[in-house]
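**Student:** Would you be able to build a 3D model of this:
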Amino acid sequence: MRAVLPPSLRFWLKFTRAKLLAGWRKAPQQNYFKQDASGQTRAANTKAQRRVIVFDDHLPAPDRDAGGVRMSLILKSLVKLGQPVFISLSKLRQPEYERLLAEDGVELASWLDYKQLIKERRFDVALLSRPDVAASLLPSIKKADPHIKTIFDTVDLAFVRLEREYRLTGDEKVAQEAQYYRKLETRLAQSCDQVWCVTTDDLAVLKQAAPSARFEIIPTIHALQDRGQSFAARQGLLFIGNFLHRPNADAIHYFMREIDPLVRKAIPDLKVFVVGEHAPPEIVAYGSQHVSITGYVPDVDPIFHNCRVFIAPLRFGSGVKGKIGQALSYGLPVVTTSIGAEGMSLEQGRDVVIGDEAREFATGLIRVYGDAELWQRLSDHGYNHIARHFTPQVVEENIHRAIKNICGPDETNG
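**Tutor:** Now for the predicted structure:
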């Protein structure tokens, strides 16, 4: 049964879709990139072991969000199976990110050409990232090539995140969104040949709704980084997040209103760095002598190397929280909530410190900030946890196995 969109959302989506289509028609078509990192030209129809076409709603921006890091590394992994083609549904041209993909051996194509491309290339797999992208394209992709295998990459489960937000806020509009996405994501899981979830928790929830679907776990991906300064040389707290994502704005409001006053009783001069673009005025208003609202920072290495503790006071969300994996990949100890830590098999007091109530969070944060031995233990264990479970080398095996499972070990499509 098809999901029924609430009236308030139906008008908004109809209006937004009309604007997007108008923009897309005016947008210049992208030429295909057919060069690898060494500058060698690749023929568009070169026979590859696996032909995969990937769709997302924007170009991956690995310096701006964890989703961009994950998609970039997924594409790098697919290059080892054959040259993937990436199509963004955004009309926004971003030459620097296009160039990064081309250098990695990824071919870019315009969304305007995707139907003809699918008919001509005879791809093995279409990977559809995010529910809105999958819902928009799945019927036309299957019509263009009924034999193509389709993967729905959930990224995170929108309905889980929205249901948690509704329980926290009581906002009926959020409840309507949650109901819509529960039906949509369930339908997509039932319709596609394979479903990628980032956590076993997300998999278990979606499997209840779509028990016949074929699932794979493809988590966030984090390369190990230089670990930076020692405990004594560091100071300050760090939060990173794009504020178009509502859980991030809520986390900062929660921290500043309920946790920060408790922490300052013990550490009056504590500096807090809030990094991320699109901060709304009410977040910017927290800026002060002790709170720095930086906006987008192109190179985050120095701030990870010099802050003492990473905070993630998330009260709703779903899937793996990329910001936590990123912090641990630098060896930066993390204080978070159960929502923040979910899906990564992190052990309380060993890999991270977890506190769900404001006082519990503040107490844990004060301990980590002032205890060099605890800080070092968390740093070592968190860093090693990423090394075992979330590096590109580890997750690449999962990606290649997933493609093999959907195509078969010896099947080619040429």
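**Student:** which secondary structure elements does the one helix or strand Lys173 maps to contact?
**Tutor:** Using DSSP states H and E, Lys173 sits in helix 172-191. In this structure, helix 172-191 makes packing contacts with helix 7-26, helix 131-144, strand 149-153, helix 158-169, helix 200-209, judged by 3 or more C-beta pairs under 8 Å, 6 or more residues apart in numbering; DSSP states H and E. Where C-beta positions appear, they are placed from N, C-alpha and C, glycine not excepted.
**Student:** okay, stretch 325-344 in PDB with CA atoms only?
**Tutor:** The C-alpha atoms that make up stretch 325-344 are tabulated as PDB, following Å, rounded to 0.1, in the frame of the first residue of the first chain:
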ATOM      1  CA  GLY A 325      33.200   8.200  14.600                       C
ATOM      2  CA  GLN A 326      35.100  11.200  13.400                       C
ATOM      3  CA  ALA A 327      36.100  12.300  16.900                       C
ATOM      4  CA  LEU A 328      37.200   8.800  17.800                       C
ATOM      5  CA  SER A 329      39.300   8.500  14.600                       C
ATOM      6  CA  TYR A 330      41.400  11.400  16.000                       C
ATOM      7  CA  GLY A 331      41.700   9.700  19.400                       C
ATOM      8  CA  LEU A 332      39.600  12.500  20.900                       C
ATOM      9  CA  PRO A 333      37.500  11.200  23.900                       C
ATOM     10  CA  VAL A 334      33.800  11.600  23.500                       C
ATOM     11  CA  VAL A 335      31.000  12.300  26.000                       C
ATOM     12  CA  THR A 336      27.600  11.600  24.500                       C
ATOM     13  CA  THR A 337      24.100  10.100  25.100                       C
ATOM     14  CA  SER A 338      22.700   6.700  24.400                       C
ATOM     15  CA  ILE A 339      21.200   8.000  21.200                       C
ATOM     16  CA  GLY A 340      24.600   9.400  20.200                       C
ATOM     17  CA  ALA A 341      26.500   6.200  20.900                       C
ATOM     18  CA  GLU A 342      24.000   3.700  19.400                       C
ATOM     19  CA  GLY A 343      24.900   1.500  16.500                       C
ATOM     20  CA  MET A 344      28.700   1.500  17.100                       C
END
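**Student:** Spit out the contact partners of the residue most central in space within the chain.
**Tutor:** Geometric centre of the chain, nearest residue: Gly67, 2.7 Å, by C-alpha atoms, centre = their mean. The contact partners of Gly67, taken as C-beta atoms under 8 Å, 6 or more residues apart in numbering, are Pro60, Val155, Gly322.
**Student:** Does Glu107 touch Gln83 like I think?
**Tutor:** Yes - counting by C-beta atoms under 8 Å, Gln83 is a contact partner of Glu107 at 5.6 Å.
**Student:** Phi, psi for the closest residue to Tyr97 other than its chain neighbours please.
**Tutor:** Leaving aside its sequence neighbours, Tyr97 sits nearest to Leu59 (C-beta to C-beta, 6 or more residues apart in numbering; 4.4 Å). Leu59 has phi and psi values of phi -70, psi 140 when expressed as degrees, to the nearest 10.
**Student:** didn't Lys323 look like it was pressed against Gly241?
**Tutor:** Yes - in this structure, Lys323 is within contact of Gly241 by C-beta under 8 Å, at 5.9 Å.
**Student:** and these two? which has more neighbours close in?
**Tutor:** Using other C-beta atoms under 10 Å, the more surrounded residue of Lys323 and Gly241 is Lys323, with 27 against 24.
**Student:** That one: which element?
**Tutor:** Here Lys323 sits within helix 322-329, counting by DSSP H and E.
**Student:** So what are the sheet partners of the helix or strand that that helix is followed by and their directions?
**Tutor:** With elements assigned by DSSP H and E, the helix or strand that comes after helix 322-329 is strand 334-336. As defined by DSSP bridges, the strand partners of strand 334-336 come to strand 309-312 (parallel), strand 353-354 (parallel).
**Student:** can you put these in JSON lines and add distance to Tyr166, mean neighbour count and mean pLDDT?
**Tutor:** Listed next are the strands paired with strand 334-336 as JSON lines, based on distance: least, C-beta to C-beta, whole Å; neighbours: other C-beta atoms under 10 Å; pLDDT from 0 to 100:
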{"stretch": "strand 309-312", "distance to Tyr166": "21", "mean neighbour count": "25", "mean pLDDT": "98"}
{"stretch": "strand 353-354", "distance to Tyr166": "23", "mean neighbour count": "22", "mean pLDDT": "98"}
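**Student:** right, and these - which one's nearest Leu137?
**Tutor:** Among these, the nearest to Leu137 by C-beta to C-beta is strand 309-312 (32.9 Å).
**Student:** Identify all contacting residues around that closest one.
**Tutor:** By C-beta under 8 Å, 6+ apart, the residues outside strand 309-312 that reach it are 237-240, 251, 255, 272, 321, 323-324, 327, 332-337, 340, 365, 368-369, 375.
**Student:** Mind doing that once more with 6 Å?
**Tutor:** Applying C-beta atoms under 6 Å, 6 or more residues apart in numbering, the external contacts of strand 309-312 come out as 237-239, 323-324, 327, 332-336, 340, 368-369.
**Student:** Any buried residues in stretch 115-130, and which?
**Tutor:** Across stretch 115-130, burial judged by 16 or more other C-beta atoms under 10 Å covers Leu117, Ile118, Arg121, Phe123, Asp124, Val125, Ala126, Leu127, Leu128, Ser129, Arg130.
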